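Peer 1: Give me a model of this one.
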Amino acid sequence: MKETRPQSMRKKLQNKTIIRMALSFCAVFLLPVVTLYFLYTGNIVTAIGTEVEDMISNDLTAAVRLIDSNIQTLNDTIKMFERGNGYQSYLTRGFSYNMSGVAANMQLESDISYIYLLNGTADDLFVLLPDADTVFSASGMHRSTSYFSKYYALPTQNAEDVLQELNCTENTVRCDENITTHRGTAETLSFIYPLPKNADGIGGTAVFCVQTQKFNAYFQPRSEDFQTKTFVFDANGQYLFSDCGADTLTTEVQTDYQNGSISGRLYKSDETGIEYVTIRRTSEFNGWQYMTLLPNNNALYRNMFEINRFFRLYLLLTIGIGILVIAGFLWMNYKPIFALREKAKHMVNTEKAEHEAADDLGTISNALTLLQNRNLSLNDTLSRSIHEIQSARLQRLLNNYYENIEEFNIDCEQIGLSFHGDNFYVSIILFPSMPEQEALLEEQLLQEFSPELETKCLAMPNQNKLVFIHCPRANFIETEPFYSILGLLHDQLSCQATIGIGRLHPGAAIISKSYMQATNALDFRAVKGIGTVITYDEVLAHDADSPWYPSHELRRLANTLTAQNTVSRDKILAELIAKIKDPSTSLINARCIAFDLIKILMSNPDLKQDAAYSLPEYLMQVSQEKTKKNVVAAVEEVCMHIASSERIPSPPVQNAVVDEIIAYIQANYCRGDFSIQEIAEHFEMLPTNIGNYFKEQTGSGLLEYLISLRMKRAKELLHSTDMTVKEISMSVGYYNDSSFIRRFKQHEGVTPNEFRFKC
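Peer 2: Reported below is the predicted structural model:
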């Protein structure tokens with residue numbers, strides 16, 4: 001059947017349209033993209049290589065500083081131990097230690113436990129006293145041979161060889177692949193510090209054990225992304241450890257480094273056949289040498305399109321121009337179709353002509369639908385690309401890449417990312433597992449923050465967390481939105497997320513500090529609980545910027561000690577004790593205030609020796625108390641010790657006021673909540689003043705008299721009743737039976753059970 005003229009014209013028009021579309025696509029998309037690729041590939045690879053090397057170099061510098069800081073902490077800790085009462089007493093007395101406990105130095109054990117708690121670097125520590133054939137550790141006192149066979153065992157050396165090697169004359173660091181300690185068997189660095197000796201040559205050696213995996217963690221952020229390997233040598237070039245363990249590459253690098261074969265920028269391994277770029281750093285603190293090997297090509301090509309912003313910018317511009325050109329071509333292509341529609345209105349006189357016109361309109365409709373779908377797909381691709389670029393810029397902001405916020409705004413101007421304030425803080429939402437539809441979740445959470453709080457979100461799905469960077473207009477952190485977020489996550493996702501919030505800091509250069517503070521706050525969830533909001537101020541009680549922390553009063557207290565102004569000192573002590581008792585002060589904050597208060601009092605140069613020896617014990621007690629009432633009682637006892645150590649007692653003289661004080665104590669000493677503060681309030685005097693007055697009149701301090709009454713009553717109950725030690729401790733005013741046992745042994749020289757057995 002012969003085609004009609006309108007049908008023939010329609011087919012010709014369709015063929016021309018298809019040819020024009022194909023030519024337009026090739027001219028606008030394929031040729032510019034291919035041309036740009038070959039023009040900029042060389043520059044891109046060079047720029048990416050430089051950027052990656054700078055990134056690895058900065059990470060290595062940061063890791064060296066962290067390791068130096070940890071080793072400095074070990075040095076400071078051992079100096080504190082050398083000046084401690086326990087070791088000085090050992091040098092002075094010079095007696096032998098034995099396992100029976102008859103001549104055991106309890107003060108030395110207490111000092112070791114104390115520095116072990118303060119130290120956050122070492123996994124284990126012990127002190128070897130060769131002259132006493134004894135090892136003191138955080139777990140107690142041991143025979144040397146027994147300890148080096150069980151708690152510090154090397155597979156290639158016996159206990160005698162280890163004992164001889166540790167008895168050195170200068171600071172030494174050794175690394176053993178499979179050393180066995182009470183924490184298990186692992187590659188461990190041993191920091192050996194010879195302690196000062198007395199005139200008779202009696203001394204000791206302190207050893208800190210640090211598992212190398214703790215230091216290797218500092219090299220992890222980039223090792224997985226770029227397959228880097230980091231090796232550490234001492235100042236003499238001897239191998240210490242690496243983050244890749246004892247493999248064939250480690251052996252090869254160790255040999256080549258000591259032979260001087262690794263001297264240039266590039267190094268090719270014979271074992272792996274890979275060429276590496278060497279990045280080196282030397283510690284200014286101890287001369288340790290750090291070397292990171294970065295594969296020369298592979299990692300660069302894998303990360304090329306994520307790092308190079310110039311190529312992406314050119315690509316986006318090309319796509320935008322292409323869209324405009326295609327839109328123009330489409331308009332030109334569809335002009336004849338529109339003309340045909342107008343002409344068809346006049347030509348359609350029969351039913352067949354109407355059907356043909358309907359077919360033409362259907363063809364046009366299908367073409368428009370296809371173009372619309374392609375446009376939506378292109379928009380989705382552009383949105384994903386922009387989101388990846390924004391995430392990379394926010395990651396740089398967290399890594400202190402920008403010196404100020406203006407530099408960040410200029411860098412992110414073309415991707416619609418900016419901040420308009422000068423103060424920043426970081427919050428982190430940690431999930432048990434990352435929820436699905438991550439982008440939709442980000443949008444919902446961002447809507448929970450007020451418009452006045454500029455907030456940007458950075459997703460870290462491999463770590464199951466979302467990081468938010470906030471720029472508030474007001475100079476404070478509002479926590480209500482975070483509680484709303486917890487409720488939203490619980491209702492919609494049925495998950496218990498935990499939120500950590502860092503502090504507010506000025507300027508973009510230290511945003512990473514707030515990020516680290518938020519990370520530390522999340523680590524505190526083991527104490528506060530999962531599914532809560534934790535601020536960094538709840539973790540670090542000694543920070544002077546925290547609103548609950550009385551930093552001003554503590555500085556005034558230190559100044560009064562320097563000026564020897566006892567009146568002002570007593571007044572400030574009363575204010576600090578009232579702050580600890582305040583119901584709004586949490587137990588953690590009360591411990592922190594009490595701890596810093598006692599540390600300041602310990603710095604008083606006018607303290608008597610007995611008071612100076614007893615104060616470290618109160619530091620340990622305060623850090624372990626479970627109630628605020630016990631914290632207050634410990635602080636009041638410290639204040640009484642300080643007051644009693646500053647005055648020479650006068651001959652005891654009894655008077656009516658002293659008799660009233662004694663009668664009041666005898667009537668209430670069995671109560672667990674009875675304290676020196678209560679006595680002072682009853683007689684309308686300050687605690688330090690009434691303590692000094694009582695001591696001047698009777699020759700005995702209030703605390704000593706109260707303890708003697710309680711111990712006397714406890715001995716009567718131990719001798720005449722079958723009550724348990726816990727029941728007796730409650731009946732004489734001690735809620736904690738361990739505190740009662742410790743106090744009884746200090747007062748009587750034996751434990752309550754031993755006293756009962758002798759009776």
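
Peer 1: Run a quick neighbour tally on residue 440.
Peer 2: 10 (other C-beta atoms under 10 Å). To be clear about C-beta, it is placed using only N, CA and C from the backbone, and glycine gets the same treatment.

Peer 1: isn't there a strand covering it?
Peer 2: No. Counting by DSSP: H, G, I helix; E, B strand; the rest coil, residue 440 is not found in a strand; it is helix.

Peer 1: Check the gap between it and residue 493 for me.
Peer 2: Using C-beta to C-beta, to the nearest Å, one gets 11 Å for the distance from residue 440 to residue 493.

Peer 1: just residue 643 next, same as before
Peer 2: 58 Å.

Peer 1: More neighbours: these two, which one.
Peer 2: Neighbour count, other C-beta under 10 Å: between residue 643 and residue 493, residue 643 has more, with 26 against 13.

Peer 1: Looks like the more buried one contacts residue 691 (just checking).
Peer 2: Yes. Proximity of residue 643 to residue 691 meets the contact threshold set by C-beta atoms under 8 Å, at 5.0 Å.

Peer 1: what touches both of those two?
Peer 2: residue 701 (C-beta atoms under 8 Å, 6 or more residues apart in numbering).

Peer 1: For stretch 137-157, what does the pLDDT average out to?
Peer 2: Stretch 137-157 comes out with an average pLDDT of 79.

Peer 1: Quick check: end-to-end length of that stretch?
Peer 2: 21 Å (C-alpha to C-alpha, to the nearest Å).

Peer 1: Go through it and flag the buried ones.
Peer 2: 137, 138, 141, 142, 144, 147, 148, 151, 152, 153, 154 (16 or more other C-beta atoms under 10 Å).

Peer 1: so the third one, which of the three states?
Peer 2: This points to residue 141. strand.

Peer 1: That one and residue 492, how far apart?
Peer 2: 57 Å.

Peer 1: helix or strand for residue 712, which one?
Peer 2: helix 702-720 (DSSP states H and E).

Peer 1: what is the mean pLDDT for that helix?
Peer 2: pLDDT averaged over helix 702-720 gives 90.

Peer 1: could I get that helix in CSV with only the CA atoms?
Peer 2: Taking C-alpha atoms only, helix 702-720 is exported to CSV below (Å, rounded to 0.1, in the frame of the first residue of the first chain):
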residue,chain,number,x,y,z
LEU,A,702,39.1,16.7,116.9
LEU,A,703,39.6,14.0,114.3
GLU,A,704,42.1,12.0,116.5
TYR,A,705,39.6,12.2,119.4
LEU,A,706,36.7,11.1,117.3
ILE,A,707,38.7,8.2,115.8
SER,A,708,39.9,7.1,119.2
LEU,A,709,36.3,6.9,120.6
ARG,A,710,35.2,4.9,117.6
MET,A,711,38.2,2.5,117.8
LYS,A,712,37.6,2.1,121.6
ARG,A,713,34.0,1.2,121.0
ALA,A,714,34.9,-1.2,118.1
LYS,A,715,37.4,-3.1,120.4
GLU,A,716,34.7,-3.5,123.0
LEU,A,717,32.3,-4.9,120.4
LEU,A,718,35.0,-7.2,119.0
HIS,A,719,35.8,-8.5,122.4
SER,A,720,32.3,-8.9,123.9
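
Peer 1: in whichever helix or strand comes after it, what's buried?
Peer 2: Sequence order places helix 725-731 as the next helix or strand after helix 702-720, per DSSP H and E. Buried residues in helix 725-731, counted by 16+ other C-beta under 10 Å: 725, 728, 729, 730, 731.

Peer 1: Would you mind pulling up the elements that helix 725-731 packs against?
Peer 2: helix 702-720, helix 737-748, helix 752-758 (3 or more C-beta pairs under 8 Å, 6 or more residues apart in numbering; DSSP states H and E).

Peer 1: Now distance to residue 107 and mean neighbour count too, for those, in a markdown table please.
Peer 2: A markdown table is the format used below for the helices and strands packed on helix 725-731 (distance: least, C-beta to C-beta, whole Å; neighbours: other C-beta atoms under 10 Å):
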| stretch | distance to residue 107 | mean neighbour count |
| --- | --- | --- |
| helix 702-720 | 20 | 17 |
| helix 737-748 | 12 | 17 |
| helix 752-758 | 21 | 14 |
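
Peer 1: Between these, which one is closest to residue 282.
Peer 2: Across those, residue 282 has its closest neighbour in helix 737-748 (49.4 Å, C-beta to C-beta).

Peer 1: tilt between the closest one and helix 702-720?
Peer 2: 100 degrees (axes from the mean of the first three to the mean of the last three C-alpha atoms, to 10 degrees).

Peer 1: average pLDDT across helix 737-748?
Peer 2: pLDDT averaged over helix 737-748 gives 88.

Peer 1: For it, name the packing helices and strands.
Peer 2: helix 702-720, helix 725-731, helix 752-758.

Peer 1: Could you pull up phi and psi at residue 428?
Peer 2: Here is the backbone geometry of residue 428 (degrees, to the nearest 10): phi -130, psi 130.

Peer 1: How many residues are close by it?
Peer 2: Residue 428, neighbours per other C-beta under 10 Å, totals 24.

Peer 1: Might one say that residue 433 is in contact with residue 464?
Peer 2: Yes. If you go by C-beta under 8 Å, residue 433 and residue 464 touch, sitting 5.9 Å apart.

Peer 1: Which of these two has more residues huddled nearby?
Peer 2: Ranked by neighbour count (other C-beta under 10 Å), residue 433 and residue 464 place residue 464 first, with 14 against 8.

Peer 1: Check the gap between that one and residue 494 for me.
Peer 2: Distance from residue 464 to residue 494, by C-beta to C-beta: 16 Å.

Peer 1: Quick check: which ranges of the stretch 1-150 of the chain have low pLDDT?
Peer 2: 1-14, 17, 21-22, 24-31, 33-34, 36-48, 94-105 (pLDDT under 70).

Peer 1: could you pull out the strands for the stretch 201-350 of the chain?
Peer 2: With DSSP state E, counting those that start in this stretch as the criterion, the stretch 201-350 of the chain has strands at 205-211, 229-233, 239-242, 266-268, 275-282, 289-295.

Peer 1: Not counting its own residues, what contacts the fourth one?
Peer 2: Outside of strand 266-268, the residues within contact range by C-beta under 8 Å, 6+ apart are 256, 274, 275, 276, 277, 278, 293, 296.

Peer 1: From these, list the buried ones, please.
Peer 2: The buried subset of the contacts of strand 266-268 - by 16+ other C-beta under 10 Å - is 276, 277, 278, 293, 296.

Peer 1: I'd like these written out as TSV, with pLDDT and distance to residue 744 added.
Peer 2: Formatted as TSV, the buried ones among the contacts of strand 266-268 follow (pLDDT from 0 to 100; distance: C-beta to C-beta, whole Å):
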residue	pLDDT	distance to residue 744
276	86	66
277	86	67
278	88	65
293	86	62
296	77	71
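
Peer 1: If you count neighbours, what's buried in stretch 266-282?
Peer 2: Here stretch 266-282 shows 267, 269, 276, 277, 278, 279, 281 as buried, counting by 16+ other C-beta under 10 Å.

Peer 1: so how far does that stretch reach from one end to the other?
Peer 2: One end of stretch 266-282 sits 18 Å from the other (C-alpha to C-alpha).

Peer 1: again with stretch 131-150
Peer 2: 21 Å.

Peer 1: tell me how far it is from the chain's mean position?
Peer 2: The chain centroid and the centroid of stretch 131-150 are separated by 33 Å under C-alpha atoms, centre = their mean, to the nearest Å.

Peer 1: List just the nearest of the buried residues of stretch 266-282 to residue 170.
Peer 2: Relative to residue 170, the closest of the buried residues of stretch 266-282 is residue 281; by C-beta to C-beta it sits at 24.8 Å.
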